[in-house]
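*Asks:* give me the fold of what follows.
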Amino acid sequence: MRNAVRAFVAACLMSASAVVATAGPAQADVTICEQFGSTTIQGRYVVQNNRWGSSATQCVNVTSTGFQVTQQQGSAPTNGAPLSYPSVFLGCHYTNCSPGSTLPMQVSRIRNATSSINYRYTGGTYNASYDIWLDPTPKTNGVNQMEIMIWFNRQGPIQPIGSVVGNATVGGRSWAVWRGSNGANNVISYVAPSPITSWSFNVRDFINDIIARGAITNQWYLTSIQAGFEPWNGGVGLAVDNFSASVSG
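*Replies:* A predicted model of the protein is given here:
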């Protein structure tokens, strides 16, 4: 995607996402169509619609273990920013914090940071992205300074922010590594060479890699772990069937 366009729309996200409509704990099959509507599952995670880049209808069906996109009527140029980021997360996103979360936690204190994900793919133009957010302070509101994006899948003529800086093996898998900025925060993206539908891994592996690249230090804070999709068009049927994450210090 073109960085200038992504940067402008990302700036809009920073202000828009500060207003989050939050519902109570979700039972299976709760539908969210509100622009920034969210709810909790398992008394542990937050599922958010997060339609930040479009006025078109988008709805997600929330299950006890994840969510599925059931409506998505928008369309955006593939050289610009996506329409939204429907996702499930552990931690804090613009003052919306998951129940009982141990995050933010200083990286130096993290002993275990494990996660498991199962994605389901369909047609359209989108990425399946797993976001890891970090900041020099234990920030629970607004944008963090560092975003790690793990692209489990991409469909269509889209690309991460910035440019390719090489390849890396992280978590026992090979990735193309991109690095850049959207104007509000720095981004390092790890792009899988082929779609990954399920994986259990250690989030610390990616944090350690960006520390080795000089992007952050051990004194920074992990603020949230998020998994979802960035659609440019289509995407009805995309799903996170199962998500789990645990961070202990």
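*Asks:* centre of the chain to stretch 194-209, how far?
*Replies:* Chain-centre distance of stretch 194-209: 13 Å, with CA atoms, centre = their mean, to the nearest Å.
*Asks:* for the closest residue in space to Glu147 that isn't next to it in sequence, what is the enclosing helix or strand?
*Replies:* Leaving aside its chain neighbours, Glu147 sits nearest to Val187 (4.8 Å; criterion: CB to CB, 6 or more residues apart in numbering). From N, CA and C alone the C-beta is placed, and that goes for glycine too. Per DSSP states H and E, Val187 falls inside strand 186-191.
*Asks:* buried sites along that strand?
*Replies:* 186-191 (16 or more other CB atoms under 10 Å).
*Asks:* and if you look at stretch 233-245?
*Replies:* 233-236, 238-240, 242-245.
*Asks:* of those residues, closest to Gly214?
*Replies:* Ala245 (26.0 Å; CB to CB).
*Asks:* please save the CA atoms from the strand or helix carrying that closest one in PDB.
*Replies:* Ala245 belongs to strand 239-248 when assigned by DSSP H and E. Output in PDB follows, covering the C-alpha atoms of strand 239-248 (Å, rounded to 0.1, in the frame of the first residue of the first chain):
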ATOM      1  CA  ALA A 239     -13.200 -15.800  10.900                       C
ATOM      2  CA  VAL A 240     -11.000 -16.200  13.900                       C
ATOM      3  CA  ASP A 241     -12.400 -19.500  15.100                       C
ATOM      4  CA  ASN A 242     -10.200 -19.800  18.100                       C
ATOM      5  CA  PHE A 243      -8.000 -17.300  19.900                       C
ATOM      6  CA  SER A 244      -6.000 -17.600  23.100                       C
ATOM      7  CA  ALA A 245      -3.200 -15.600  24.700                       C
ATOM      8  CA  SER A 246      -1.500 -15.600  28.100                       C
ATOM      9  CA  VAL A 247       1.200 -13.300  29.400                       C
ATOM     10  CA  SER A 248       2.900 -13.900  32.700                       C
END
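*Asks:* next one: that strand to chain centre, how far?
*Replies:* Distance, centroid of strand 239-248 to centroid of chain: 12 Å (CA atoms, centre = their mean).
*Asks:* same thing with stretch 166-178?
*Replies:* The answer for stretch 166-178 is 18 Å, by CA atoms, centre = their mean.
*Asks:* now this protein, which segments are flagged as low pLDDT?
*Replies:* 1-28 (pLDDT under 70).
*Asks:* which stretches of the protein form helices?
*Replies:* 3-16, 203-212 (DSSP state H).
*Asks:* helices or strands up against the shortest one?
*Replies:* It refers to helix 203-212. Using 3 or more CB pairs under 8 Å, 6 or more residues apart in numbering; DSSP states H and E, the elements in contact with helix 203-212 are strand 112-120, strand 124-135, strand 146-155, strand 163-170, strand 221-234.
*Asks:* now the fourth one and strand 146-155, what's the angle there?
*Replies:* Using axes from the mean of the first three to the mean of the last three CA atoms, to 10 degrees, the inter-axis angle of strand 163-170 relative to strand 146-155 is 90 degrees.
*Asks:* kindly report the same for the last one.
*Replies:* Between strand 221-234 and strand 146-155, the angle comes out at 30 degrees (the same axes, to 10 degrees).
*Asks:* could you dump strand 221-234 to PDB, C-alpha only?
*Replies:* Output of strand 221-234 as PDB, limited to C-alpha atoms (Å, rounded to 0.1, in the frame of the first residue of the first chain):
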ATOM      1  CA  TYR A 221       5.900  -2.300  27.700                       C
ATOM      2  CA  LEU A 222       3.700  -4.900  26.000                       C
ATOM      3  CA  THR A 223       0.200  -3.300  26.000                       C
ATOM      4  CA  SER A 224      -1.900  -5.600  23.800                       C
ATOM      5  CA  ILE A 225      -2.000  -8.700  21.600                       C
ATOM      6  CA  GLN A 226      -4.600  -8.700  18.800                       C
ATOM      7  CA  ALA A 227      -5.700 -11.000  16.000                       C
ATOM      8  CA  GLY A 228      -8.100 -10.200  13.100                       C
ATOM      9  CA  PHE A 229      -8.400  -9.000   9.600                       C
ATOM     10  CA  GLU A 230      -7.800  -5.800   7.600                       C
ATOM     11  CA  PRO A 231     -10.200  -5.900   4.600                       C
ATOM     12  CA  TRP A 232     -10.100  -3.700   1.500                       C
ATOM     13  CA  ASN A 233     -13.100  -5.300  -0.100                       C
ATOM     14  CA  GLY A 234     -15.100  -8.500   0.400                       C
END
